[in-house]
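Peer 1: Predicted model, plus sequence, below.
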Amino acid sequence: MDTLDGMRTFIAVAKQKSFTGGAKQLGISTKLASKYIAQLEQKHGALLFHRTTRSVTLTETGQAYFARCVPLLEQFEELEDVIQHRQSDLSGTVRLTAPTAFGSTKLVDALAPFLAQHPKINVELNLSDQYVAIIDEGVDVAVRFGPLKDSTLIAKKLMDMRIVFFASPEYLKRNGKPSHPRALATHNCLLQTSQNDPENWKFKEDGNTFTVNVSGDFASNSPRAVTHMASQGLGIGMGPQYVTEPYVKDGSLQLLFEPYEASILELNAVYASNRHLPARIRALLDHLALSFAT
């Protein structure tokens, strides 16, 4: 066992309070993680964890070892960064998470040239429309829409995204095209439940903001599901512009109320405030910021 591998495994297991969770974070088997910890304890002649069938907790010695391991490992990573910068050859793994629709389209488009430029970097992209606790899950960077809610995280702004309104030509032909947002009260509206207050849609007119209470027979936490249902003629939807773009281009959706749009959704790259960022992650953050700014 390499001592650094043992230290990385020890820190991951300690943070996850689980051999399985720590192993998953590192991308190794639970058996190997247990082996590394056992070898580490044998090497130092000390018990680092209390183990029960339900939990894994640090011993007093383990707590002291953890407090010293974290800064030592960060210093080693900084030393690797210095060498990599001098060689201009970044390497290693970056673990990302992002919303499904955005991650599978816009984000992968932005990642492709970065990976071509840095062939020794590996990206593991986890797509999910659910909130991912990046520290608990061992994620390096989360690409998220909306304001930062966790004070232990740092957000690097990537871009602003319009929130748009849309319906299919077939729906508008059957039900008429509303000329003003207040007419939505008489239409079937498709709700995105992942948004705050999904039944009250926000608009702006003459510099003033107003809301319209809406209802309908379909709701989903996925903006892609709402957009697709709208393209099938079910009703009028609201969501981020990036989801609607291919539908608008092929004519299956039309944008509505563009002069009345009131909401902008901020896209951020989010990472833990208390961790050292290796050069590969800083390079990726800079690349994403440049990609989405243009």
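Peer 2: Okay, I see it.
Peer 1: so where's the stretch 151-294 of the chain shaky on pLDDT?
Peer 2: 151, 274-276, 294 (pLDDT under 70).
Peer 1: Now with 90, please.
Peer 2: Applying pLDDT under 90 to the stretch 151-294 of the chain flags residues 151-154, 193-197, 207, 221-224, 263-265, 271-282, 293-294.
Peer 1: Give me the nearest residue to Gln241, chain neighbours excluded.
Peer 2: Arg162 (4.4 Å; Cβ to Cβ, 6 or more residues apart in numbering). Where you see a C-beta, it was placed from the backbone N, CA and C, and this is true even at glycine.
Peer 1: Of all the residues in the helix or strand hosting that neighbour, which ones are buried?
Peer 2: Element membership for Arg162, per DSSP states H and E: strand 153-167. Using 16 or more other Cβ atoms under 10 Å as the test for burial, strand 153-167 gives Leu153, Ile154, Ala155, Leu158, Met159, Met161, Ile163, Val164, Phe165, Phe166, Ala167.
Peer 1: Over to stretch 218-236?
Peer 2: 219-220, 222-231, 233-236.
Peer 1: and Ile121, what does it touch?
Peer 2: Leu90, Ser91, Gly92, Thr93, Val94, Phe114, Leu115, Arg280, Leu284 (Cβ atoms under 8 Å, 6 or more residues apart in numbering).
Peer 1: Let me see the ranges of the helices in the stretch 151-294 of the chain.
Peer 2: 169-175, 223-231, 241-249, 279-293 (DSSP state H, counting those that start in this stretch).
Peer 1: For the last one, which outside residues touch it?
Peer 2: Looking back up the chat, that one is helix 279-293. Contacts of helix 279-293 (Cβ under 8 Å, 6+ apart): 81, 84-85, 90-92, 94, 106, 110, 113-114, 118, 121, 123, 140-141, 143, 156-159, 267, 269, 271, 277.
Peer 1: Same check on the shortest one?
Peer 2: Contacts of helix 169-175 with the rest of the structure, by Cβ under 8 Å, 6+ apart, involve His187, Asn188, Ala230, Gly233, Leu234, Gly235, Ile236, Gly251, Ser252, Gln254.
Peer 1: ok, of those residues, which one's closest to Leu40?
Peer 2: Ala230 (55.3 Å; Cβ to Cβ).
Peer 1: Next up, the contacts around that closest one.
Peer 2: With Cβ under 8 Å, 6+ apart, Ala230 has these contacts: Phe166, Ala167, Ser168, Tyr171, Leu190, Ile236, Gly237, Tyr247, Leu253.
Peer 1: Find the nearest non-adjacent residue to it, please.
Peer 2: That would be Gly237: by Cβ to Cβ, 6+ apart, it lies 3.9 Å from Ala230.
Peer 1: can you pull out the helices in the stretch 1-150 of the chain?
Peer 2: Counting by DSSP H, counting those that start in this stretch, the helices of the stretch 1-150 of the chain are 3-16, 19-26, 30-44, 60-87, 100-102, 108-117, 134-137.
Peer 1: With mean pLDDT, mean neighbour count and distance to Leu290 as extra columns, can I get the ones you listed in CSV?
Peer 2: Putting the helices of the stretch 1-150 of the chain into CSV (pLDDT from 0 to 100; neighbours: other Cβ atoms under 10 Å; distance: least, Cβ to Cβ, whole Å) gives the following:
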stretch, mean pLDDT, mean neighbour count, distance to Leu290
helix 3-16, 87, 20, 31
helix 19-26, 85, 20, 29
helix 30-44, 90, 17, 37
helix 60-87, 76, 14, 18
helix 100-102, 86, 20, 17
helix 108-117, 95, 14, 9
helix 134-137, 74, 17, 22
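Peer 1: Please tabulate the buried residues of strand 153-167 in a markdown table, including the columns distance to Lys177.
Peer 2: A markdown table is the format used below for these (distance: Cβ to Cβ, whole Å):
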| residue | distance to Lys177 |
| --- | --- |
| Leu153 | 42 |
| Ile154 | 44 |
| Ala155 | 38 |
| Leu158 | 34 |
| Met159 | 30 |
| Met161 | 25 |
| Ile163 | 19 |
| Val164 | 15 |
| Phe165 | 11 |
| Phe166 | 12 |
| Ala167 | 8 |
